[in-house]
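> okay, sequence plus prediction incoming.
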Amino acid sequence: MNKEFKISKSAEQTKKIAKNFAKKHIKGNDIIALYGELGAGKSVFVKGLASYYNINERKVKSPTYTILNIYDGNMKIYHLDLYRIGDLEEIYYLGYEDFSNSGGITIIEWAEKIEDILPVDIYKVKILIKGKNKRKIIGV
């Protein structure tokens, strides 16, 4: 994927960017790795992506404590938040290999924690904080 970027000045704009990204690029079995510091808007991006597949954004919550949330819409979405994981064994225990090849979409927040096991042909999206509400979204 090329290194395009978009500037977002609000959560609503971030959601719209994500929704357009899904419309243009995402299909079954795709993996989207999300990078960015706490509060960058990774979960907001997921809400926008999920909305493209008719998943109510109120159902989309960052799975910080549960590690994995599954959303059903026009496409099944597996949403991982790896902020609290300790090692790769936890990922395998969740069944990562099964759902990453299930026909659904896998979205991984804090993907840098499992870089070593990520396939090469995935989408990588980095969200940088550029101000109170301003974000630079790279890779869309």
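Done, it's in.
> quick check, central residue of this structure?
residue 107 (3.7 Å; C-alpha atoms, centre = their mean).
> counting contacts, what elements does the helix or strand hosting it pack onto?
Residue 107 belongs to strand 105-109 when assigned by DSSP states H and E. Applying 3 or more C-beta pairs under 8 Å, 6 or more residues apart in numbering; DSSP states H and E, one finds that strand 105-109 makes contact with strand 31-35, helix 42-52, strand 77-81. For the C-beta atoms, the positions are set from N, CA and C on the backbone; glycine is no exception.
> ok, which of the ones you listed comes nearest residue 70?
Distance to residue 70, taken as C-beta to C-beta, is lowest for strand 77-81 among the helices and strands packed on strand 105-109, at 5.7 Å.
> after the closest one, which helix or strand is next? Please name it.
helix 88-94.
> can you give me the mean pLDDT across the helix or strand following that following helix?
Per DSSP H and E, the first helix or strand lying C-terminal to helix 88-94 is helix 96-99. Mean pLDDT, helix 96-99: 71.
> can you start the count at 46 instead of 1 from here on
Will do, 46 is the new start, and the previous item becomes helix 141-144.
> chain center to helix 141-144, what's the gap?
16 Å (C-alpha atoms, centre = their mean, to the nearest Å).
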